[in-house]
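*Asks:* Sharing a model that was predicted from the sequence below.
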Amino acid sequence: DAGVTQSPTHLIKTRGQQVTLRCSPKSGHDTVSWYQQALGQGPQFIFQYYEEEERQRGNFPDRFSGHQFPNYSSELNVNALLLGDSALYLCASRDAGTQEIYTQYFGPGTRLTVL
Amino acid sequence: AQSVTQLGSHVSVSEGALVLLRCNYSSSVPPYLFWYVQYPNQGLQLLLKYTSAATLVKGINGFEAEFKKSETSFHLTKPSAHMSDAAEYFCASLTDKLIFGTGTRLQVFP
């Protein structure tokens, strides 16, 4: 049973550039959430996608956008990168239709470095 | 507003000693509570969860946590630490969204 997978593992960008991160949810899961984890901090909720729509959003600017595809996979896009966007970006998935609705399973993350 | 406080950013114990990692939550409605572990350069692994059933919750790797509503606490314990327990531990609270504490780094000395 494949868990949550993310790509790429590492990414280096320069200020002002745009980046796209990808996530495939755990098999059978239909809801994907994205988190930003700065060095030495806990993960911060960015947004959640269900049925290809953004359902909830944390306190992040519009430079952060996302998409969910019919196969439940998801992308996180960040425009006009700032140095402060350097972080580990985590994807998490859950199954909205079962008793496990409250439990999120995390991927290994994408380490983004902005120079 | 919902929040999670983890007391002690670093905890050090000897191998075989009791592990106690503290977590307090603040929420206007009863939350679901979670403990996750993060090993270096990896994502988060679920240790255990409280979802309003039994207040004493057992998780993987010998960890357990007790939900105490009167103290708004959900402390994580393990009777005997092992070297492999060294990692970062995060407490999280879920109402409408999952909110994490700032984490506690556990060091285990031989």
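*Replies:* Yep, that arrived. Residues are numbered from 1 along each chain as shown, chains lettered A, B, ... in the order given.
*Asks:* Can you name the residues of chain A sitting close to chain B?
*Replies:* Contact residues (C-beta under 8 Å from any C-beta of the partner chain) of chain A with chain B: A:4, A:6, A:33, A:40-45, A:48, A:56, A:58, A:90, A:92, A:102-109, A:111. Using the backbone N, CA and C atoms, a C-beta is placed for each residue, glycine as well.
*Asks:* Nearest to chain A: which residue in chain B?
*Replies:* residue B:100 (3.4 Å; C-beta to the nearest C-beta).
*Asks:* what sits against that residue?
*Replies:* A:42-44, B:4, B:36, B:90-92 (C-beta atoms under 8 Å, 6 or more residues apart in numbering or on different chains).
*Asks:* Which pLDDT value goes with the nearest residue to it once chain neighbours are set aside?
*Replies:* Spatial nearest neighbour of residue B:100, chain neighbours left out: residue A:42 (3.4 Å); criterion: C-beta to C-beta, 6 or more residues apart in numbering or on different chains. According to the prediction, residue A:42 has pLDDT 92.
*Asks:* wait, what's in contact with residue A:42?
*Replies:* Counted by C-beta under 8 Å, 6+ apart, residue A:42 has contacts B:4, B:90, B:92, B:100-103.
*Asks:* Please apply the same query to residue B:57.
*Replies:* By C-beta under 8 Å, 6+ apart, residue B:57 lies in contact with B:48-50, B:64-67.
*Asks:* Thanks again, I'm all set now.
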